[in-house]
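Undergrad: Sequence and predicted structure, then a few things I'm wondering about:
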Amino acid sequence: MNSIGNIKPFLQKVIRSGVGRWRFFAATLGLLVALVIILLSLQLYLNFNQLLHGKANESETAEFLVISKEVTAENQSKKNESYFLPEEIALLGKQPFADRVGEISSTNFIVTISSFSNAFPFYTDAYFESVPDEFIDIKTEDWSWKQGQVNIPVIIPSFFLELYNTGMAMSQENLPRLSLEALQAIPLRVNIKHSGGTAEFVAHVAGTTDRLNSVLVPEAFMQYANKAYGYQESKPPTRLVLKTLDAADPALQSFLVANSYTTNSDKTKLNKARIIVNWIAGVVGIIGLIMLLFGMLVFTLFIQLTIAASRMDIVLLQTLGASPRQLSGYLMGMFMPVYGAMVMIALLVLSVLQYGIHQLLLQKQLLVSPWLSVYTLAAAALWLLLIWFVNKRTITNYLKAG
């Protein structure tokens, strides 16, 4: 009786009688839950990383900080110290936290804006600025200007419209409240005063922005107008726009302090939430890893107890001709399909969750892959290989000891 096939039915009966159905189910369920948690934490971390650093989400997740030099009691009368020199701009652009740096150009002439209709009486002094198109957050074909064109597209800060509707329009009976669509349909008279007289243009609102608190015009118009109507030579910029993927980067904060630069601090404070989310993801991952290791330990002890409970019967089977290698092969064949089923169930659950996350974020115009990451699949395969090795070693050692 030296063939395992002759004693396999008896061996199966002996082992299963020592296992206990409910103990086996509890151990399997605990290990499955731990596996799902560790793989889910890994997939969520990869999703979060894709949201922050993926090219598809770059425009939604990147932060645009307006940087200027700090005004103090010592330098408030020295306007020349407010300009950014070319070497200072270059130094900022070389920093690891800087994705792109753009100059904010300003008007070198006097501008006034008024309405054409008495139904919407409006007059104000104005101040135009421009930035490279890559820093503009509206998508419109109207954002362009050529020499000789009378019509000028402008972008206004979002809070301008909100301030008008909640403040000016509500406090004056002759001023109507305006939606963005209505505002875009209203032409505005732009008068530029220069040494040769006055130049008149027609502006229309192309959109609003939360990125820059400026009334923006196309760079082409700014360059032309400063050259044609400017009353003094153009000077270096006093403000820069910095594109960064992490406004809460400590290196960024240190650089600003060291150079006496200021920026919109509300964004740097808000982006500290990213650090918290990263920390939470790390904690969840650690908890999942601890649970996974604990689950493997429990399952390993469960196997040891199963073998110990069937010790006398296994010794009898060895006496009848079953070698430790044959018994080990059967035990591995008994438990490994369970582990394989765990991995398949865990990956199926994660696939459903990942697709749901993809659909949910898609509604927010954020993009993550609808499929599980290759790193998650590799982690599942690595776990299967690891538990095979641990159980193989455990079973072999216990059978040899018996």
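TA: Received the coordinates, thanks.
Undergrad: the strands in the chain, which residues?
TA: Under the criterion DSSP state E, strands of the chain are mapped to 63-69, 100-103, 105-106, 110-115, 123-126, 128-130, 151-157, 188-194, 197-209, 215-216, 239-244, 261-262.
Undergrad: Each with direction, which strands does the third one pair with?
TA: Here strand 105-106 is paired, per DSSP bridges, with strand 128-130 (antiparallel).
Undergrad: mind checking how far E162 is from K227?
TA: Plainly put, E162 is 35 Å away from K227 if you go by CB to CB, to the nearest Å. For every residue, glycine as well, the C-beta is placed using N, CA and C.
Undergrad: just to revisit the earlier point, adding mean pLDDT, mean neighbour count and distance to H358, write the strands of the chain out as TSV.
TA: Below are those laid out as TSV (pLDDT from 0 to 100; neighbours: other CB atoms under 10 Å; distance: least, CB to CB, whole Å):
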stretch	mean pLDDT	mean neighbour count	distance to H358
strand 63-69	88	20	24
strand 100-103	93	18	29
strand 105-106	91	18	41
strand 110-115	90	16	45
strand 123-126	86	11	45
strand 128-130	94	23	38
strand 151-157	94	19	32
strand 188-194	91	17	43
strand 197-209	92	17	28
strand 215-216	94	23	34
strand 239-244	91	22	26
strand 261-262	90	16	39
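Undergrad: residues contacting S351?
TA: W371, L372 (CB atoms under 8 Å, 6 or more residues apart in numbering).
Undergrad: no wait, W279
TA: By CB under 8 Å, 6+ apart, W279 has no neighbours at all.
Undergrad: Least confident secondary structure element in this protein?
TA: The helix or strand of the chain with the lowest confidence, counting by mean pLDDT, DSSP states H and E, is helix 58-61 at a mean of 52.
Undergrad: For the closest residue to Y229 other than its chain neighbours, give its distance to F116.
TA: In this structure, Y229 finds its nearest non-sequential neighbour in H194, 3.9 Å apart by CB to CB, 6 or more residues apart in numbering. For H194, the distance to F116 equals 22 Å [CB to CB].
Undergrad: Repeat that for L163.
TA: 22 Å.
Undergrad: what's in contact with stretch 194-202?
TA: Against stretch 194-202 from outside (CB under 8 Å, 6+ apart): 109-110, 150-152, 187-192, 228-231.
Undergrad: which one among these gets closest to G329?
TA: For the contacts of stretch 194-202, the minimum distance to G329 (CB to CB) is 81.5 Å, reached by I152.
Undergrad: Nearest spatial neighbour of that closest one, chain-adjacent residues omitted?
TA: A203 (4.6 Å).
Undergrad: how about that neighbour, what does it touch?
TA: Counted by CB under 8 Å, 6+ apart, A203 has contacts I113, N151, I152, P153, V154, P187, L188, R189, V190.
Undergrad: do that again at 7 Å, thanks
TA: I113, I152, V154, L188, V190 (CB atoms under 7 Å, 6 or more residues apart in numbering).
Undergrad: Could you work out the most separated pair of those?
TA: I113 and I152 (10.4 Å).
Undergrad: what is in contact with these two at once?
TA: With CB under 7 Å, 6+ apart, I113 and I152 have common neighbours V190, A203.
Undergrad: in the sheet, who's paired with the closest residue to R100 other than its chain neighbours?
TA: What sits nearest to R100 in space, not counting adjacent residues and going by CB to CB, 6+ apart, is K243, at 4.3 Å. Beta-bridge pairing for K243 (DSSP bridges): F64, R100.
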